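>>> Okay, here's the prediction I keep looking at, along with the sequence it came from:
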Amino acid sequence: MWHLFEKKVLIYSKKDKDTWWRIREAFRQGGIRRVSAGHYSDDPVAPNGIGGMLDPRDFGTGGRIDRDTYYIRVPASEEAKAQQCIRSSGLVAEIESRKPEREDDTTRFD
């Protein structure tokens, strides 16, 4: 139960589903548990005329375009083991940072 509240460290955050999936598989084979992994949409979508938040770019001939940002967080106690597991599998874990759209977006509210 105490593992539930352990601090987690961001290892990977990028718009690349294939690498995200391979890192997760490497963690499973390396025995790293309690990994938080997921994805979220970071693109702004303007509301359309029918009241939904549908992105009109997804209805082209190629189908839905994957614009999600994928992330992986591991417990701080297993950070070194996770990095070693990524290196041994020949992968590169990157963290893309979001550029502020305006200068005043960099202000922090603590």
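Perfect, I can see it now.
>>> make it CA atoms for all contacts and neighbour counts henceforth
Fine.
>>> tell me, how many neighbours does Gln83 end up with?
Around Gln83 there are 15 other residues, counting by other CA atoms under 10 Å.
>>> Specify the local secondary structure of it.
helix (DSSP: H, G, I helix; E, B strand; the rest coil).
>>> Same check on the one 10 residues further on?
Following three-state DSSP, the label given to Ala93 is coil.
>>> Show the backbone phi and psi for the residue nearest to it when sequence neighbours are not counted.
Excluding its sequence neighbours, the residue lying closest to Ala93 (CA to CA, 6 or more residues apart in numbering) is Tyr12, at 5.4 Å. Tyr12 adopts backbone torsions of phi -140, psi 130, taken as degrees, to the nearest 10.
>>> Just the buried residues of the top helix by length along the chain, please?
What stands out as the longest helix in the chain, according to DSSP state H, is helix 17-30. Within helix 17-30, the residues that count as buried by 16 or more other CA atoms under 10 Å are 17, 19-20, 23-24, 26-27, 30.
>>> before we move on, back to that, quick one: residues contacting the residue nearest to Ala93.
20, 70-73, 93-95 (CA atoms under 8 Å, 6 or more residues apart in numbering).
>>> Separate out the buried members of those.
Buried, going by 16+ other CA under 10 Å: 20, 70-73, 93-94, out of the contacts of Tyr12.
>>> Quickly name whichever of these is closest to Ala37.
Ile72 (4.4 Å; CA to CA).
>>> In which helix or strand does the closest one reside?
strand 68-75 (DSSP states H and E).
>>> on that earlier part again, could I get the buried ones among the contacts of Tyr12 in CSV, plus columns for pLDDT?
CSV is the format used below for the buried ones among the contacts of Tyr12 (pLDDT from 0 to 100):
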residue, pLDDT
Trp20, 92
Tyr70, 92
Tyr71, 93
Ile72, 93
Arg73, 93
Ala93, 81
Glu94, 80
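>>> how close does the residue nearest to Ala93 sit to Ser36?
Applying CA to CA, to the nearest Å, the value for Tyr12 to Ser36 is 11 Å.
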